[in-house]
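Undergrad: Sequence unavailable; structure follows:
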């Protein structure tokens, strides 16, 4: 029988800017219980502020613009249960604030751009998620967020996107290789530009003990849900779980019930899970809710000592 682990569970959520990291992290924290979670952003380990990066011609995803060695130390301390003094990068104005004392709780959710860059970082995580949304959708999300919440002008966002196109294949995309689950959101066909009606595709690598979705394919209607064996980009076999944004409420609830029943330790606020923008009461997205549940399931199982064999 698996033995419950004694160290904090480190959940990594990595992806390019505006890929949905913060939204996914917030939902997972609600599932696990916010009083049991420490949520932090590894982008706080930028070496330069926004103005300095511009002067040096560096993008935020360039390793030279980040203190990767200090990030490694911080993740290692958190995994060992030790507190850290973490820098604070203010995304609203691109400057640094007063450092923050951070004490790890039962679960640590570390989200950011470069979390899987080095072997030392990767060894700290119990569960590694990589977000790889449709590029047109990500650009739309980034433009909206950066111009409404981070003080950028439209032309500045476009310039940042252009610079990142050069750096992403070198620094961002290779991290996909090290993830246990790769998650790809895309707009549902016929959604008329809605940001809440999303399809999602999960690449489930055998490095984690994934739940048995068999009961969902028991002969009853499984419209909006697809599970298949496929080949990843490297040719290795993976399970692929696809959830359509048009999935019915009834069928989505069947999947949610299955996942909630598999993690009875996480019987928390179901009504807020799956909202794109909880603060503004946005409509609920079933694919997002199910994705948050799946990630939460793996965090709980990691805490219980359940591993892939």
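TA: That came in fine, so what should we check first? Because the structure is a prediction, the values reported are computed rather than measured. Numbering: from 1, shown residues only.

Undergrad: Make sure residue 129 is indeed in a strand.
TA: Yes. Residue 129: assigned to a strand according to DSSP: H, G, I helix; E, B strand; the rest coil.

Undergrad: Could you tell me how far it is located from residue 291?
TA: According to Cβ to Cβ, to the nearest Å, residue 129 stands 9 Å off from residue 291. (C-beta placed from N, C-alpha, C; glycine too.)

Undergrad: and for those two, which residues touch both?
TA: Overlap of the contact sets of residue 129 and residue 291 (by Cβ atoms under 8 Å, 6 or more residues apart in numbering) consists of 24, 183.

Undergrad: Now do stretch 199-217: distance from first to last residue.
TA: End-to-end distance for stretch 199-217, by Cα to Cα, to the nearest Å: 19 Å.

Undergrad: in the stretch 51-200 of the chain, what spans have low per-residue confidence?
TA: The model of the stretch 51-200 of the chain has pLDDT under 70 over residues 190-196.

Undergrad: All the strands of it, in order from the start?
TA: Secondary structure of the stretch 51-200 of the chain (DSSP state E, counting those that start in this stretch): strands at 84-90, 95-102, 107-112, 127-131, 181-187, 198-204.

Undergrad: Residue 200 contacts residue 252, doesn't it?
TA: No. Residue 200 is beyond contact range of residue 252, at 11.7 Å (criterion: Cβ atoms under 8 Å).

Undergrad: shared neighbours, those two?
TA: Contacts common to residue 200 and residue 252, judged by Cβ under 8 Å, 6+ apart, are 243, 290.

Undergrad: ok, residues contacting stretch 13-22?
TA: 24-25, 28, 41, 60-61, 109-116, 128-133, 138-139, 141-142, 145-146, 160, 164, 168, 172, 175, 179, 185, 295.

Undergrad: what secondary structure does residue 13 sit in?
TA: strand.

Undergrad: got it, and residue 260?
TA: Going by three-state DSSP: residue 260 is helix.

Undergrad: relative to strand 181-187, how tilted is the longest helix along the chain?
TA: Using DSSP state H to define each element, the chain has its longest helix at helix 286-303. Here helix 286-303 runs at an angle of 170 degrees relative to strand 181-187 (axes from the mean of the first three to the mean of the last three Cα atoms, to 10 degrees).

Undergrad: Can you point out the buried residues in stretch 236-249?
TA: 238, 240-241, 243-245, 247 (16 or more other Cβ atoms under 10 Å).

Undergrad: So what touches that stretch?
TA: 187-188, 191, 197-206, 210, 213, 223-232, 252, 255, 285-287, 290-291.

Undergrad: Now with 7 Å, please.
TA: Residues from elsewhere that reach stretch 236-249 (Cβ atoms under 7 Å, 6 or more residues apart in numbering): 188, 191, 197-205, 210, 213, 224-232, 286-287, 290.

Undergrad: Determine how far it lies from the middle of the whole chain.
TA: 17 Å (Cα atoms, centre = their mean, to the nearest Å).

Undergrad: What average pLDDT does that stretch get?
TA: The pLDDT scores in stretch 236-249 average 92.
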